[in-house]
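Visitor: Quick one, what's the 3D model for this:
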Amino acid sequence: MTELVALKRNGGRQGADLPTAPANGAARAAAGTVYIETYGCQMNIGDSELMAGVLAKGGYVRVADPDLADVILVNTCAIREHAEQRVLGRLGQLQRYRKRRPDLVLGVTGCMAQRIGDRLLGEVRGVDLVAGPDAYRHLAETVDGIRLGAVEKGQALLELDVAEDYSGLSCVRGEGVSAWVTVQRGCDHRCTFCIVPYVRGPEKNRAPSEVLAEVGEAVRCGYSEVTLLGQTVNSYASEDWDFAALLRAVARVPGLRRVRFTSPHPNDVSERLLEVMAEEGAVCPQLHLPVQSGADRVLKRMVRRYTRREFQATVDMARRIVPGIALSTDIIVGFPGETEPDFEATLSLLEDVRFDDAYLYKFSPRDGTPATRLPSGDDVPPDVAQSRLERTIELQRGIQLEVNRAEVGSVREVLIERGARSAGDLLGRTVTNKVVAFRGPAEWIGSYLRIRLTATSGATFAGEVV
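Guide: Numbering: from 1, shown residues only. Sure thing, here's the model as predicted:
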């Protein structure tokens, strides 16, 4: 694997060697404590668990309170400007922990670090380290070097490595009843609005044996549900395995009760994949299909590589092969050049397909993506884009309410995930990813119960134990 780290040595410690984890893989005595705060998608949650594993091997103990940490890492998202602004504000807030720990190391990792890492070091006070998604293997020794004065503060680990799939590393999972298992990193699709290929690099797929070993270990640790992660997870290909073969093998791991995956690309939803979903009882009948727009002209500008008709054919195939499947999607409104007829085509697609759920966004330009090079005259005015977003939300909420009302009165198996905000209530999910709230003790978390759905707000259900 290409060596990614060229550390800036501290002038007072020229030639000092960085401390490293034991060669035999055993964890050494605790070097300190680390707090990791995560923003963004499920991939970032998985990456935070990977970083926790790397640091644990280096002797660091993960803590849940930044006030107890010797090292604070903020794992970031770059998909939307709003997410980056939240992180910038949070970095300012975290400076207060230096009052009790002047030698605190504050690092920024993830996609935002990869996108603007050098700028973060130059413009944001108190950032000691930035590390992109391909540099986590070196975190422990880099952090140690900063804390011991062997290397300077202001380290930038930002090179992308086409070979880095983090083979051989273990993660430390956070709280929860579902295990995240990354099977693919990076993306080859290069949609014009998306920053991911530029901050995570090209597609890299883990060996099937490593994926199956991690799933088996998760089951041994008590997880009965896993979610397979990838930027376009169903384009997975390794050795002579495609994603359908991997999904079938994962579903057959002894002791595993549920398997989910996200986020697939519509172009790679095959009949073979859907047959695995229909035939393997552990695979949840739920599919996320990010359509982004209902207008062919906009889809072409986005370089989505399918038409509306082709997308709807995929929906029809999924519903034919996997009866009762729940479908969700992503929509972007206000993409450059989107006309009112284009927008109306998106609304009509929502009405035609009737998704169980949808994640709805207003276009957010990302520097470095092809969409920012479209003619400035094509920009949709902010007030128009906001109005379109509000209309889309209103329509989808109505559709979701109607879809979910049809399930009221039915009995569903629910995996109980956590306590709800309201005292005495629990939250869980059905196999189709519907959220259900009901009364019960905390001791039930992690178990499966049959729940009758008694009411719905549209977004969630109320239920009672059968």
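
Visitor: Okay, strands next: where are they in the stretch 151-300 of the chain?
Guide: Along the stretch 151-300 of the chain, the stretches classed as strands by DSSP state E, counting those that start in this stretch are 155-157, 178-182, 184-185, 204-205, 225-229, 237-238, 241-242, 258-262, 286-288.

Visitor: Now for the residue nearest to Glu164 when sequence neighbours are not counted, how many residues are close by?
Guide: In this structure, Glu164 finds its nearest non-sequential neighbour in Asp134, 4.5 Å apart by CB to CB, 6 or more residues apart in numbering. Just so you know, the C-beta spots here come from the backbone N, C-alpha and C atoms, and that holds for glycine as well. Neighbour count for Asp134, taken as other CB atoms under 10 Å: 27.

Visitor: circling back to that earlier point, got the strands of the stretch 151-300 of the chain as CSV, with mean pLDDT, distance to Asp383 and mean neighbour count columns?
Guide: Compiled in CSV, the strands of the stretch 151-300 of the chain are given as follows (pLDDT from 0 to 100; distance: least, CB to CB, whole Å; neighbours: other CB atoms under 10 Å):
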stretch, mean pLDDT, distance to Asp383, mean neighbour count
strand 155-157, 94, 39, 23
strand 178-182, 96, 38, 24
strand 184-185, 96, 38, 24
strand 204-205, 96, 41, 21
strand 225-229, 98, 36, 23
strand 237-238, 96, 44, 17
strand 241-242, 98, 45, 17
strand 258-262, 97, 33, 23
strand 286-288, 98, 30, 24
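
Visitor: need these in TSV with distance to Val353, can you?
Guide: Shown next, in TSV, are the strands of the stretch 151-300 of the chain (distance: least, CB to CB, whole Å):
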stretch	distance to Val353
strand 155-157	43
strand 178-182	27
strand 184-185	26
strand 204-205	30
strand 225-229	23
strand 237-238	28
strand 241-242	26
strand 258-262	18
strand 286-288	12
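
Visitor: and of these, who's closest to Ala218?
Guide: Among the strands of the stretch 151-300 of the chain, the nearest to Ala218 by CB to CB is strand 178-182 (3.9 Å).

Visitor: does Val74 count as helix, strand or coil?
Guide: Following DSSP: H, G, I helix; E, B strand; the rest coil, Val74 is assigned to strand.

Visitor: wait, doesn't it sit right on Thr109?
Guide: Yes - contact criterion CB atoms under 8 Å: Val74 and Thr109 qualify, at 7.1 Å.

Visitor: Those two: which is more packed in?
Guide: Thr109 (27 against 23).

Visitor: For the more buried one, list the residues it contacts.
Guide: Neighbouring residues of Thr109 by CB atoms under 8 Å, 6 or more residues apart in numbering: 47, 51, 73-76, 130-133, 135-136, 139.

Visitor: Can you list the neighbours in contact with the biggest helix by length in the chain?
Guide: The longest helix of the chain (DSSP state H) is helix 382-405. If you take CB under 8 Å, 6+ apart as the criterion, helix 382-405 is touched by 331, 333-334, 338, 343, 346-347, 350-351, 354-358, 360-363, 380, 434, 456-459, 461.

Visitor: From the chain's centre, how far out is stretch 339-353? Work that out for me.
Guide: 27 Å (CA atoms, centre = their mean, to the nearest Å).

Visitor: What residues of it count as buried?
Guide: By neighbour count on 16 or more other CB atoms under 10 Å, the buried set for stretch 339-353 is Asp342, Phe343, Ala345, Thr346, Leu347, Leu349, Leu350, Val353.

Visitor: Kindly reformat those as TSV containing pLDDT, distance to Ala244 and secondary structure.
Guide: Converted to TSV, those look like this (pLDDT from 0 to 100; distance: CB to CB, whole Å; DSSP: H, G, I helix; E, B strand; the rest coil):
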residue	pLDDT	distance to Ala244	secondary structure
Asp342	98	34	helix
Phe343	98	35	helix
Ala345	98	32	helix
Thr346	98	30	helix
Leu347	98	33	helix
Leu349	98	27	helix
Leu350	98	28	helix
Val353	98	23	helix
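
Visitor: And the host helix or strand of Leu415, what does it pack against?
Guide: Taking DSSP states H and E as the definition, Leu415 sits inside strand 411-419. When contacts are defined as 3 or more CB pairs under 8 Å, 6 or more residues apart in numbering; DSSP states H and E, strand 411-419 packs onto strand 425-429, strand 435-439, strand 448-456.

Visitor: how many degrees apart are the first one and strand 411-419 in direction?
Guide: Just to be clear, that refers to strand 425-429. Strand 425-429 and strand 411-419 are oriented at 120 degrees to each other (axes from the mean of the first three to the mean of the last three CA atoms, to 10 degrees).

Visitor: in strand 425-429, what counts as buried?
Guide: Quick answer for strand 425-429 (16+ other CB under 10 Å): Leu426, Leu427, Gly428, Arg429.

Visitor: Arg115 and Val196 touch, don't they?
Guide: No - applying CB under 8 Å, one finds Arg115 not in contact with Val196, separated by 10.4 Å.

Visitor: ok so, going back, any idea which of the helices and strands packed on strand 411-419 is most buried?
Guide: The highest average neighbour count among the helices and strands packed on strand 411-419, using mean count of other CB atoms under 10 Å, belongs to strand 425-429 at a mean of 21.

Visitor: Name the nearest residue to Tyr236, sequence neighbours excluded.
Guide: Phe243 (4.0 Å).

Visitor: same deal with Leu327?
Guide: Nearest non-adjacent residue to Leu327, counting by CB to CB, 6+ apart: Phe355, 5.2 Å away.

Visitor: And for Gly40?
Guide: Distance criterion CB to CB, 6+ apart; nearest residue to Gly40, sequence neighbours excluded, is Cys77 at 2.7 Å.

Visitor: Okay, and the beta partners of Thr109?
Guide: In this entry, Thr109 is beta-bridged to Asn75, Ala131, by DSSP bridges.

Visitor: What segments of this protein are helices?
Guide: Chain-ordered helices for the chain, with DSSP H as the definition, fall at 42-57, 81-94, 111-123, 139-148, 196-200, 208-220, 243-251, 271-279, 296-302, 308-321, 340-353, 382-405.

Visitor: Return the distance of the third one from the chain's centre.
Guide: Think helix 111-123. On CA atoms, centre = their mean, the centre of helix 111-123 falls 20 Å from that of its chain.

Visitor: model confidence over the strand holding Leu415, on average?
Guide: Strand 411-419 carries an average pLDDT of 97.

Visitor: neighbouring strands for it, and are they parallel or not?
Guide: strand 425-429 (antiparallel), strand 448-456 (antiparallel).

Visitor: wait, which of these is closest to Ile321?
Guide: Between Ile321 and these, the tightest spacing by CB to CB is seen for strand 425-429, at 22.7 Å.

Visitor: What is the neighbour count of Gly32?
Guide: Residues near Gly32, counting by other CB under 10 Å, number 19.

Visitor: Flag every buried residue along stretch 187-198.
Guide: Buried-residue list, stretch 187-198, by 16+ other CB under 10 Å: Cys187, His189, Cys191, Thr192, Phe193, Cys194, Ile195, Val196, Pro197, Tyr198.
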